[in-house]
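Q: Have a look at this fold, sequence not included:
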């Protein structure tokens, strides 16, 4: 008979030994008389309690679970405790190889549904809630961080597994919290070398297979500390450092006894940047024989109650010595009137204006550059506000990324101005390829967010903002307001945008913006021209030719604010603060250059998506046969004629123009023979006239001379016959006016 079908009558016929055996193999209590044992067996049968596995089965189960822990990304890695015995790097040698672990990776791992024995099931909501509370409190404020801060964690060893492996190991021994003389626990963690993401972990302690014990968390906290304090960055050569005394960096010294009065008690917590002693100065000075504060009195209680219950019967029966002699409220105050806790206030609101479309959406259905530029709107104040509100959160907001596509943002302004100047000059020492910048502006090339320097800057920005706030409060700024914002768009030049780190307002300094930099290269050092390149060695201020200076100017111009605080934060009390004022002449020079680059290079990409499709298809780029770099024309008053093929994409730093020597004559047109990409059924190329900016069509049925086009043999630009006063095809090579004058 199946155990689930055991009846009470059948169980009642069992002997005491059989009843105890049934309970023993299930790990249940075996004491009591026969009646109690029968009840226990019947209850276990009804609940379906299964027999406990024996030691062999337990070992096999633990081995299977450990093999699962070693299986990372579908591949079983070698066991760091038994198989990887060599090539472990100590902290002195391996600290610079440690992954960029931050508290976000720690929290993600501790709250993850890891496949382990200690993890509650999804159905067990009560235990899951308890576990989350434990992770958010114990790990951050309790033992785990205390293990690290109290130096119970021994040296961390690093192993890269394989040179090409994306995963690495770190392991360390940790002294037990209770039996400190016992053998230390050994814990290891498998992490991503690039991002610091925790893949798996194990510890030899009782909760080791749970992968979330305090010893594992202590290792992660130490990696986080090394990353945030810059100890894991690439080591600087000793000859590049200032001379310092040698400091012994050994382990925890032996604790020596001291009088209680000399002890300093601290509670280590992750969130507190400064340790706060438990035995504070007020506690030390406390004297129980004399009170420093006046004790509460009955009279004070009566005075506090009078405001809300003046007509209470209590006050009618007070003795004379408890009567309220001196009222604490004005004589004309009345307490019997109805209390209103709300009032009407007139506030200025923003009308419900729809958010303007991103630039790629505006380009849909547009055929020519001139048509697109003519239809570019000028935003109202309300539309600018709607964009700013919708893009708050910046990097974490997808709308912020969409609204930036095709716009020259403040951080790219210097690159655009410099590249545009190079493209329209005779300088051959610098790259004349606009494609890399086009990819950045269009958002085709996303920056790896796990780059340690960028990751560190994002993590430190909130803290830097608070330090800046405290600094301005200490300087006495009145009515100070510092708030985060989204993307601002220039109302007149909607192709320019800026995203300051904060908007700053105070009654004494009017309105400004804040730009925060948290360079990982100067952690623990005061930013100076010698260790922070953006600062000028001549003036000690931000270099006016640096991209950061252009970024600050663009932020002020777009947000219509007069100053920008450039704040470089380097932890602790190290920072650099410079107030930069708006330079109108610089802005007046930068805007035309940015507009020219936008018209000549960004708009064609918005209309054709040529580079985007090349990036998506990841095809081999075509390199012109007769030129190392395709050079655009050298004039500033016209638009570059780029021969973008329909639904095709150039892709590389050497691509962007279809050029090749040779001519063919067809119906009065001279066309440059170029290499055609195979795509979309062999669609014909689109040529843009340099003068009128409209398409030079290539259909065979065109017989109207005004649509005929000709290509310059030198710069490969295209022109309509009618735009350059040509009535018949020339018999020799033809050069445009710009190239003729250039020769």
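A: Nice, I can see it. Remember, predicted model here, so these are calculated numbers, not experimental data.

Q: Quick one: list the elements packing against the host helix or strand of residue 144.
A: Using DSSP states H and E, residue 144 falls within helix 143-149. Packed against helix 143-149 by the contact rule (3 or more Cβ pairs under 8 Å, 6 or more residues apart in numbering; DSSP states H and E) you find helix 214-228. From N, CA and C alone the C-beta is placed, and that goes for glycine too.

Q: avg pLDDT for the helix it packs on?
A: Averaged across helix 214-228, pLDDT comes to 88.

Q: Which strands or helices does it pack on?
A: Secondary-structure packing of helix 214-228 (3+ Cβ pairs under 8 Å, 6+ apart): helix 103-110, helix 143-149, strand 167-174, strand 185-192, strand 198-203, helix 452-474.

Q: Residue 515 should be in a strand, yeah?
A: Yes. Assessed with DSSP: H, G, I helix; E, B strand; the rest coil, residue 515 lies in a strand.

Q: who's in contact with it?
A: Applying Cβ atoms under 8 Å, 6 or more residues apart in numbering to residue 515 gives the contacts 500-501, 548, 551-552, 555, 564-567.

Q: Show me these that map onto strands.
A: Counted as lying in strands by DSSP state E, out of those, are 564-567.

Q: Of those residues - the most surrounded one?
A: The most neighbours of any of the ones in strands among the contacts of residue 515, using other Cβ atoms under 10 Å, belong to residue 564, which has 27 neighbours.

Q: For residue 496, give me phi and psi.
A: phi -120, psi 130 (degrees, to the nearest 10).

Q: That one bridge partners, please.
A: Beta-bridge partners recorded for residue 496 (DSSP bridges): residue 408.

Q: can you list contacts of stretch 450-465?
A: 100, 102, 104, 194-196, 227-228, 233, 395, 447-449, 482, 484, 501-502, 514, 516-521, 567, 569, 571, 575.

Q: Which of the residues you listed fall within helices?
A: Within the contacts of stretch 450-465, residues falling in helices by DSSP state H are 104, 227-228.

Q: Could you identify which of these has the most neighbours?
A: residue 227 (25 neighbours).

Q: if we can go back for a sec, just the closest of the contacts of residue 515 to residue 47, please.
A: residue 501 (59.6 Å; Cβ to Cβ).

Q: what's the burial count for the closest residue to that closest one other than its chain neighbours?
A: Closest residue in space to residue 501, ignoring its immediate chain neighbours: residue 516 at 4.5 Å, by Cβ to Cβ, 6 or more residues apart in numbering. The number of residues packed near residue 516 is 21, by other Cβ under 10 Å.

Q: Surely residue 516 and residue 504 touch.
A: No. At 11.5 Å, residue 516 does not count as touching residue 504 under the criterion of Cβ atoms under 8 Å.

Q: Not counting sequence-adjacent ones, nearest residue to residue 109?
A: Distances taken as Cβ to Cβ, 6+ apart put residue 198 closest to residue 109, at 3.8 Å, once the chain neighbours are dropped.

Q: Beta-bridge partners for that neighbour, please?
A: residue 191.

Q: So what's the predicted local confidence for it?
A: Looking at residue 198, its pLDDT reads 90.

Q: same deal with the one 5 residues further on?
A: We note a pLDDT of 89 for residue 203 in this prediction.

Q: what number of residues lie near the residue lying closest to it once chain neighbours are set aside?
A: Counting by Cβ to Cβ, 6+ apart, residue 203 lies nearest to residue 187, which is 3.8 Å off, once chain neighbours are set aside. Burial of residue 187 is recorded as 28 neighbouring residues (other Cβ under 10 Å).

Q: Residue 187 contacts residue 201, correct?
A: Yes. Counting by Cβ under 8 Å, residue 201 is a contact partner of residue 187 at 7.0 Å.

Q: and for the two, which residues touch both?
A: Listed as contacting both residue 187 and residue 201 by Cβ under 8 Å, 6+ apart are residue 216.

Q: quick one: residue 591 is in a helix?
A: Yes. Assigned with three-state DSSP, residue 591 falls within a helix.

Q: which ones are touching it?
A: Residues in contact with residue 591 (Cβ under 8 Å, 6+ apart) are 493, 496.

Q: returning to that earlier point: could you give the average pLDDT over the helix holding residue 144?
A: The pLDDT scores in helix 143-149 average 74.

Q: so after that helix, what's the next helix or strand?
A: Using DSSP H and E, the helix or strand that follows helix 143-149 in sequence is strand 157-159.

Q: Find the helix or strand that residue 577 is a member of.
A: strand 575-581.

Q: Just give the strands next to that strand in its sheet, each with its orientation.
A: strand 563-569 (antiparallel).

Q: So what angle separates the directions of the partner strand and helix 452-474?
A: 120 degrees (axes from the mean of the first three to the mean of the last three Cα atoms, to 10 degrees).

Q: could you give the mean pLDDT of strand 563-569?
A: Summarised as a single mean, pLDDT over strand 563-569 is 96.

Q: Excluding its own residues, what touches that strand? List them.
A: Applying Cβ under 8 Å, 6+ apart, the contact partners of strand 563-569 are 460, 463-464, 467-468, 500, 504, 509-510, 512-519, 522, 527, 532, 542, 548, 552-553, 555-556, 575-582.

Q: Any chance of the backbone angles for residue 490?
A: phi -60, psi 120.

Q: got the contact list for it?
A: 496-497, 557-558 are the contacts of residue 490 under Cβ under 8 Å, 6+ apart.

Q: quick one, domains of the protein?
A: The chain breaks down into these domains under automatic domain parsing: 3-47, 69-234, 356-604, 609-742.

Q: Dump those to JSON lines, plus distance to residue 299.
A: Listed next are these as JSON lines, based on distance: least, Cβ to Cβ, whole Å:
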{"stretch": "domain 3-47", "distance to residue 299": "62"}
{"stretch": "domain 69-234", "distance to residue 299": "42"}
{"stretch": "domain 356-604", "distance to residue 299": "39"}
{"stretch": "domain 609-742", "distance to residue 299": "79"}
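
Q: Mean pLDDT lowest where, among these?
A: Lowest mean pLDDT of the domains of the chain: domain 609-742, a mean of 52.

Q: Now residue 159: closest residue in space, sequence neighbours ignored.
A: Residue 159 sits nearest to residue 169 (Cβ to Cβ, 6+ apart), 4.4 Å away.

Q: and the one you found, how many neighbours does it have?
A: Residue 169 has 22 neighbours, counted by other Cβ under 10 Å.

Q: partners of residue 709 in the sheet?
A: Counting by DSSP bridges, residue 709 forms beta bridges with residue 720.

Q: any idea how far residue 737 is from it?
A: For residue 709, the distance to residue 737 (Cβ to Cβ, to the nearest Å) stands at 16 Å.

Q: same check, this time on residue 497
A: Per Cβ to Cβ, residue 497 is found 36 Å from residue 737.

Q: on that earlier part again, present the contacts of residue 515 as CSV; the columns should include distance to residue 399.
A: Output for the contacts of residue 515, formatted as CSV (distance: Cβ to Cβ, whole Å):
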residue, distance to residue 399
500, 17
501, 18
548, 26
551, 22
552, 25
555, 19
564, 25
565, 27
566, 27
567, 27
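
Q: Perfect, I'm done here.
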